[in-house]
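Trainee: Return a 3D structure for these sequence lines:
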Amino acid sequence: MAIGKLKEVELRDIWKHEEYDFSKWLAKEDNISDLGEILGLSLVDVETEKQVGSFSCDIYCKDEFSDKKVIIENQLEATDHRHLGEILTYASGLDASIVVWIVKEARAEHARAVEWLNEHFDSDVSFFLIEVHAYKIGNSDPAPQFKVIEEPNDFAVQVKKSNKAGEKFNQTMNYRQEFWTKFNDVLTERGNPFNKRKPTTDHWYDVSIGSSKCHLGIGLINKDNKIHVYIWVNDSKEQYDAIYAHKDEIESSTGYTYVWNRNDSKKASNITASIPGLDFEHQDNYKELMNQTIDLLVKLRTAVKPYLI
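Mentor: Residues are numbered from 1 along each chain as shown. Modelled structure (predicted):
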(Lines give C-alpha, C1' and ligand atoms only; values in the text may rest on other atoms or scores of the structure.)
Protein backbone atom coordinates (compact mmCIF):
# COMPACT_ATOMS: atom_id res chain seq x y z
CA MET A 1 0.00 0.00 0.00
CA ALA A 2 1.38 3.40 -1.01
CA ILE A 3 1.69 5.97 1.76
CA GLY A 4 1.50 9.64 0.87
CA LYS A 5 3.80 12.33 2.18
CA LEU A 6 2.38 15.22 4.18
CA LYS A 7 3.35 18.58 2.69
CA GLU A 8 2.73 22.04 4.11
CA VAL A 9 0.97 24.45 1.76
CA GLU A 10 1.63 28.18 1.55
CA LEU A 11 -1.37 29.95 3.06
CA ARG A 12 -1.48 32.63 0.35
CA ASP A 13 -1.91 29.87 -2.25
CA ILE A 14 -5.24 29.06 -0.58
CA TRP A 15 -6.40 32.46 0.67
CA LYS A 16 -5.03 35.38 -1.34
CA HIS A 17 -6.51 38.03 0.92
CA GLU A 18 -7.14 38.00 4.68
CA GLU A 19 -10.39 39.97 4.55
CA TYR A 20 -12.00 38.69 1.35
CA ASP A 21 -10.80 35.10 1.47
CA PHE A 22 -9.59 33.86 4.85
CA SER A 23 -12.02 35.78 7.08
CA LYS A 24 -15.00 34.79 4.92
CA TRP A 25 -13.85 31.16 4.97
CA LEU A 26 -13.38 31.17 8.76
CA ALA A 27 -16.78 32.82 9.35
CA LYS A 28 -18.62 29.87 7.74
CA GLU A 29 -20.50 27.76 10.28
CA ASP A 30 -18.41 24.58 10.05
CA ASN A 31 -15.08 26.43 10.19
CA ILE A 32 -15.97 28.78 13.05
CA SER A 33 -17.31 25.73 14.91
CA ASP A 34 -13.96 23.96 14.49
CA LEU A 35 -12.16 27.00 15.88
CA GLY A 36 -14.65 27.22 18.73
CA GLU A 37 -14.00 23.61 19.69
CA ILE A 38 -10.29 24.36 20.00
CA LEU A 39 -11.04 27.39 22.17
CA GLY A 40 -13.65 25.58 24.25
CA LEU A 41 -16.37 27.95 23.02
CA SER A 42 -19.53 27.81 20.93
CA LEU A 43 -19.22 30.79 18.59
CA VAL A 44 -22.48 32.29 17.27
CA ASP A 45 -23.80 35.56 15.79
CA VAL A 46 -20.74 35.87 13.56
CA GLU A 47 -20.07 39.18 11.79
CA THR A 48 -17.17 40.04 9.48
CA GLU A 49 -15.55 43.47 9.19
CA LYS A 50 -17.17 44.85 12.33
CA GLN A 51 -16.67 48.60 12.51
CA VAL A 52 -14.58 50.04 15.35
CA GLY A 53 -14.53 53.76 14.72
CA SER A 54 -12.69 54.23 11.42
CA PHE A 55 -11.24 50.71 11.63
CA SER A 56 -12.80 47.26 11.22
CA CYS A 57 -12.27 44.02 13.12
CA ASP A 58 -11.99 40.87 10.95
CA ILE A 59 -14.54 38.78 12.88
CA TYR A 60 -16.84 39.67 15.76
CA CYS A 61 -19.03 37.08 17.47
CA LYS A 62 -20.03 35.83 20.90
CA ASP A 63 -19.87 32.67 22.96
CA GLU A 64 -23.33 31.09 22.94
CA PHE A 65 -23.23 30.01 26.58
CA SER A 66 -21.47 32.81 28.44
CA ASP A 67 -22.67 35.56 26.05
CA LYS A 68 -19.12 36.96 26.11
CA LYS A 69 -18.04 39.08 23.15
CA VAL A 70 -15.26 37.60 21.01
CA ILE A 71 -13.04 39.32 18.45
CA ILE A 72 -10.84 37.49 15.95
CA GLU A 73 -8.03 39.22 14.08
CA ASN A 74 -6.44 37.33 11.16
CA GLN A 75 -2.90 37.80 9.87
CA LEU A 76 -1.59 35.47 7.17
CA GLU A 77 1.95 36.58 7.93
CA ALA A 78 4.28 36.54 10.92
CA THR A 79 3.07 38.55 13.90
CA ASP A 80 3.97 42.24 14.04
CA HIS A 81 3.56 45.20 16.37
CA ARG A 82 0.85 46.80 14.23
CA HIS A 83 -1.52 43.88 14.54
CA LEU A 84 -0.81 43.57 18.26
CA GLY A 85 -1.90 47.18 18.64
CA GLU A 86 -4.95 46.58 16.48
CA ILE A 87 -6.27 43.70 18.60
CA LEU A 88 -6.06 45.90 21.69
CA THR A 89 -7.87 48.71 19.86
CA TYR A 90 -10.63 46.35 18.70
CA ALA A 91 -10.93 44.71 22.12
CA SER A 92 -11.42 48.06 23.86
CA GLY A 93 -13.69 49.47 21.15
CA LEU A 94 -15.98 46.44 21.14
CA ASP A 95 -15.67 45.67 24.87
CA ALA A 96 -14.55 42.13 24.06
CA SER A 97 -13.90 39.53 26.75
CA ILE A 98 -12.11 37.07 24.47
CA VAL A 99 -9.43 38.12 21.97
CA VAL A 100 -8.18 35.68 19.31
CA TRP A 101 -5.17 36.49 17.11
CA ILE A 102 -4.72 34.01 14.25
CA VAL A 103 -1.39 34.18 12.41
CA LYS A 104 0.86 32.32 10.03
CA GLU A 105 3.81 32.50 12.41
CA ALA A 106 3.97 33.62 16.04
CA ARG A 107 7.22 35.45 16.74
CA ALA A 108 8.66 34.73 20.18
CA GLU A 109 8.41 38.36 21.35
CA HIS A 110 4.71 38.54 20.45
CA ALA A 111 3.97 35.17 22.04
CA ARG A 112 5.55 36.52 25.20
CA ALA A 113 3.45 39.69 24.91
CA VAL A 114 0.23 37.66 24.74
CA GLU A 115 1.39 35.55 27.69
CA TRP A 116 2.04 38.78 29.61
CA LEU A 117 -1.45 40.10 28.76
CA ASN A 118 -3.04 36.94 30.15
CA GLU A 119 -0.96 37.20 33.31
CA HIS A 120 -1.65 40.88 33.98
CA PHE A 121 -5.14 41.56 32.64
CA ASP A 122 -8.20 40.99 34.77
CA SER A 123 -9.51 37.44 34.53
CA ASP A 124 -12.57 38.74 32.63
CA VAL A 125 -10.39 39.26 29.51
CA SER A 126 -8.66 36.33 27.80
CA PHE A 127 -6.14 36.34 24.94
CA PHE A 128 -5.41 33.53 22.47
CA LEU A 129 -2.55 33.43 19.96
CA ILE A 130 -3.09 30.74 17.31
CA GLU A 131 -1.07 29.68 14.29
CA VAL A 132 -2.87 28.42 11.21
CA HIS A 133 -1.18 25.94 8.87
CA ALA A 134 -2.41 23.95 5.89
CA TYR A 135 -1.31 20.54 4.66
CA LYS A 136 -2.02 18.20 1.78
CA ILE A 137 -1.10 14.69 0.75
CA GLY A 138 -0.33 14.31 -2.94
CA ASN A 139 -3.11 15.99 -4.93
CA SER A 140 -5.55 16.15 -2.03
CA ASP A 141 -7.36 19.33 -1.04
CA PRO A 142 -5.44 21.36 1.54
CA ALA A 143 -6.47 20.74 5.15
CA PRO A 144 -6.15 23.69 7.55
CA GLN A 145 -4.91 23.11 11.08
CA PHE A 146 -5.01 25.47 14.07
CA LYS A 147 -2.24 25.35 16.66
CA VAL A 148 -2.64 27.15 19.98
CA ILE A 149 0.56 29.02 20.88
CA GLU A 150 -0.66 31.03 23.87
CA GLU A 151 -3.88 30.80 25.86
CA PRO A 152 -5.15 31.78 29.30
CA ASN A 153 -4.15 29.62 32.23
CA ASP A 154 -7.58 28.23 33.08
CA PHE A 155 -6.53 26.95 36.44
CA ALA A 156 -5.04 30.29 37.45
CA VAL A 157 -8.14 32.15 36.23
CA GLN A 158 -10.40 29.77 38.16
CA VAL A 159 -8.42 30.20 41.35
CA LYS A 160 -8.32 33.98 40.86
CA LYS A 161 -12.09 34.15 40.51
CA SER A 162 -12.56 31.83 43.47
CA ASN A 163 -10.29 33.93 45.65
CA LYS A 164 -12.22 37.10 44.75
CA ALA A 165 -15.48 35.44 45.75
CA GLY A 166 -13.97 33.95 48.88
CA GLU A 167 -14.52 30.41 47.65
CA LYS A 168 -12.37 27.37 48.20
CA PHE A 169 -11.12 25.10 45.46
CA ASN A 170 -12.47 22.17 47.45
CA GLN A 171 -12.87 18.46 46.96
CA THR A 172 -16.25 18.82 45.27
CA MET A 173 -14.66 21.01 42.59
CA ASN A 174 -11.93 18.42 42.10
CA TYR A 175 -14.56 15.70 41.72
CA ARG A 176 -16.40 17.74 39.09
CA GLN A 177 -13.28 18.43 37.07
CA GLU A 178 -12.34 14.75 37.27
CA PHE A 179 -15.82 13.76 36.05
CA TRP A 180 -15.73 16.12 33.06
CA THR A 181 -12.22 14.99 32.12
CA LYS A 182 -13.36 11.36 32.05
CA PHE A 183 -16.57 12.39 30.26
CA ASN A 184 -14.51 13.95 27.47
CA ASP A 185 -12.50 10.72 27.20
CA VAL A 186 -15.73 8.76 26.68
CA LEU A 187 -16.86 11.32 24.08
CA THR A 188 -13.58 10.78 22.21
CA GLU A 189 -14.02 7.00 22.34
CA ARG A 190 -17.47 7.46 20.77
CA GLY A 191 -16.21 9.66 17.96
CA ASN A 192 -17.31 13.00 19.45
CA PRO A 193 -21.07 13.00 18.73
CA PHE A 194 -21.00 16.64 19.87
CA ASN A 195 -18.29 19.20 20.58
CA LYS A 196 -16.34 18.81 23.79
CA ARG A 197 -16.02 21.60 26.35
CA LYS A 198 -12.91 22.12 28.42
CA PRO A 199 -13.20 20.32 31.79
CA THR A 200 -13.98 22.81 34.55
CA THR A 201 -14.95 22.74 38.22
CA ASP A 202 -18.51 23.83 37.38
CA HIS A 203 -21.41 21.48 38.00
CA TRP A 204 -22.76 22.08 34.48
CA TYR A 205 -21.57 21.24 30.95
CA ASP A 206 -23.24 22.98 28.01
CA VAL A 207 -23.81 21.43 24.58
CA SER A 208 -24.69 23.44 21.48
CA ILE A 209 -27.87 22.64 19.62
CA GLY A 210 -27.27 25.14 16.81
CA SER A 211 -29.42 27.96 18.16
CA SER A 212 -28.71 31.08 20.18
CA LYS A 213 -32.18 30.77 21.79
CA CYS A 214 -31.47 27.53 23.63
CA HIS A 215 -28.89 24.85 24.33
CA LEU A 216 -28.58 21.43 25.90
CA GLY A 217 -26.80 20.85 29.17
CA ILE A 218 -25.69 18.36 31.79
CA GLY A 219 -25.87 19.04 35.52
CA LEU A 220 -24.06 17.08 38.23
CA ILE A 221 -26.37 16.97 41.28
CA ASN A 222 -24.27 14.87 43.63
CA LYS A 223 -26.33 15.64 46.77
CA ASP A 224 -29.33 13.96 45.07
CA ASN A 225 -27.16 11.30 43.35
CA LYS A 226 -28.44 12.37 39.94
CA ILE A 227 -27.28 13.67 36.59
CA HIS A 228 -29.63 16.16 34.99
CA VAL A 229 -29.89 16.38 31.20
CA TYR A 230 -31.77 19.47 30.16
CA ILE A 231 -32.79 21.98 27.51
CA TRP A 232 -32.12 25.54 28.63
CA VAL A 233 -34.18 28.18 26.80
CA ASN A 234 -32.44 31.50 27.38
CA ASP A 235 -35.10 34.17 26.94
CA SER A 236 -37.84 33.03 24.58
CA LYS A 237 -41.18 31.75 25.77
CA GLU A 238 -42.05 31.39 22.08
CA GLN A 239 -39.21 28.87 21.68
CA TYR A 240 -40.20 27.02 24.85
CA ASP A 241 -43.81 26.79 23.68
CA ALA A 242 -42.73 25.51 20.26
CA ILE A 243 -40.87 22.66 21.97
CA TYR A 244 -43.61 22.03 24.56
CA ALA A 245 -46.17 21.60 21.76
CA HIS A 246 -44.36 18.35 20.93
CA LYS A 247 -43.93 17.17 24.53
CA ASP A 248 -45.36 13.67 23.98
CA GLU A 249 -43.30 13.06 20.84
CA ILE A 250 -40.08 14.16 22.55
CA GLU A 251 -40.65 12.02 25.63
CA SER A 252 -41.61 9.03 23.52
CA SER A 253 -38.62 9.25 21.15
CA THR A 254 -36.05 9.77 23.93
CA GLY A 255 -37.57 7.30 26.41
CA TYR A 256 -37.55 9.76 29.34
CA THR A 257 -40.11 11.79 31.26
CA TYR A 258 -39.14 15.44 31.75
CA VAL A 259 -39.95 18.19 34.20
CA TRP A 260 -41.28 21.02 32.01
CA ASN A 261 -40.70 24.40 33.63
CA ARG A 262 -41.85 27.47 31.68
CA ASN A 263 -40.88 29.85 34.52
CA ASP A 264 -43.35 32.60 33.60
CA SER A 265 -41.88 35.02 36.16
CA LYS A 266 -38.33 34.58 34.83
CA LYS A 267 -36.57 34.97 31.49
CA ALA A 268 -35.20 31.43 31.20
CA SER A 269 -37.20 28.20 30.89
CA ASN A 270 -35.94 24.64 31.22
CA ILE A 271 -36.87 21.05 30.43
CA THR A 272 -35.10 18.44 32.57
CA ALA A 273 -34.68 14.67 32.79
CA SER A 274 -32.80 12.82 35.53
CA ILE A 275 -30.41 9.87 35.40
CA PRO A 276 -29.89 8.29 38.87
CA GLY A 277 -26.67 6.78 40.22
CA LEU A 278 -24.16 9.63 40.54
CA ASP A 279 -21.81 9.42 43.53
CA PHE A 280 -18.49 11.25 43.41
CA GLU A 281 -16.98 8.91 46.00
CA HIS A 282 -18.04 5.69 44.23
CA GLN A 283 -17.05 5.90 40.58
CA ASP A 284 -17.33 2.30 39.38
CA ASN A 285 -20.43 3.15 37.33
CA TYR A 286 -19.04 6.34 35.79
CA LYS A 287 -18.61 4.96 32.30
CA GLU A 288 -22.14 3.52 32.26
CA LEU A 289 -23.55 6.83 33.52
CA MET A 290 -21.57 8.81 30.97
CA ASN A 291 -22.74 6.62 28.10
CA GLN A 292 -26.36 6.96 29.28
CA THR A 293 -25.92 10.73 29.41
CA ILE A 294 -24.41 10.91 25.93
CA ASP A 295 -27.13 8.65 24.51
CA LEU A 296 -29.85 10.88 25.97
CA LEU A 297 -28.20 14.10 24.74
CA VAL A 298 -27.95 12.76 21.20
CA LYS A 299 -31.59 11.59 21.24
CA LEU A 300 -32.78 14.85 22.75
CA ARG A 301 -30.88 16.94 20.22
CA THR A 302 -32.41 14.93 17.36
CA ALA A 303 -35.91 15.15 18.86
CA VAL A 304 -35.84 18.90 19.50
CA LYS A 305 -34.04 20.24 16.41
CA PRO A 306 -37.12 20.23 14.13
CA TYR A 307 -38.87 22.61 16.54
CA LEU A 308 -36.18 25.28 16.83
CA ILE A 309 -37.29 28.70 15.65
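Trainee: Please report how far S97 lies from F127.
Mentor: 10 Å (Cβ to Cβ, to the nearest Å). In this view, the C-beta of every residue, glycine as well, is placed from N, C-alpha and C.
Trainee: Which one's more surrounded, these two?
Mentor: Neighbours were counted for S97 and for F127 using other Cβ atoms under 10 Å; F127 has more, 22 against 19.
Trainee: Phi first, then psi, for that one.
Mentor: phi -120, psi 130 (degrees, to the nearest 10).
Trainee: Pull the contacting residues for it.
Mentor: I87, V99, W101, V114, L117, N118, F121, E150, E151, P152 (Cβ atoms under 8 Å, 6 or more residues apart in numbering).
Trainee: And for the nearest residue to A106 once chain neighbours are set aside, the neighbour number?
Mentor: Sequence neighbours aside, I149 is the residue nearest to A106 in space, at 4.4 Å (criterion: Cβ to Cβ, 6 or more residues apart in numbering). The tally of other residues near I149 (other Cβ under 10 Å) stands at 18.
Trainee: What separation is there between I149 and G53?
Mentor: Separation of I149 from G53 (Cβ to Cβ): 29 Å.
Trainee: Equivalent analysis for I59, please.
Mentor: From I59 to G53 the distance is 17 Å (Cβ to Cβ).
Trainee: Show me which of those two is the more surrounded one.
Mentor: Just comparing I59 and G53: by other Cβ under 10 Å the higher neighbour count belongs to I59, 24 against 8.
Trainee: Quick check: bridge partners of the more buried one?
Mentor: Beta-bridge partners of I59, counted by DSSP bridges, are T48, I72.
Trainee: Might you report the residue contacts of it?
Mentor: S23, L26, A27, I32, V46, E47, T48, K50, I71, I72, E73, N74.
Trainee: Neighbours of the third one, how many?
Mentor: Pointing back at A27 there. 19.
Trainee: Likewise for the fourth one?
Mentor: Counted by other Cβ under 10 Å, the residues lying close to I32 total 21.
Trainee: likewise Y286?
Mentor: Neighbour tally, Y286, other Cβ under 10 Å: 18.
Trainee: cool, the one 5 residues further on as well?
Mentor: N291: 13 surrounding residues under other Cβ under 10 Å.
Trainee: can you check E178 too?
Mentor: Counted by other Cβ under 10 Å, the residues lying close to E178 total 15.
Trainee: how near is it to P199?
Mentor: Going from E178 to P199 by Cβ to Cβ gives 8 Å.
Trainee: Same check on I130?
Mentor: Going from I130 to P199 by Cβ to Cβ gives 20 Å.
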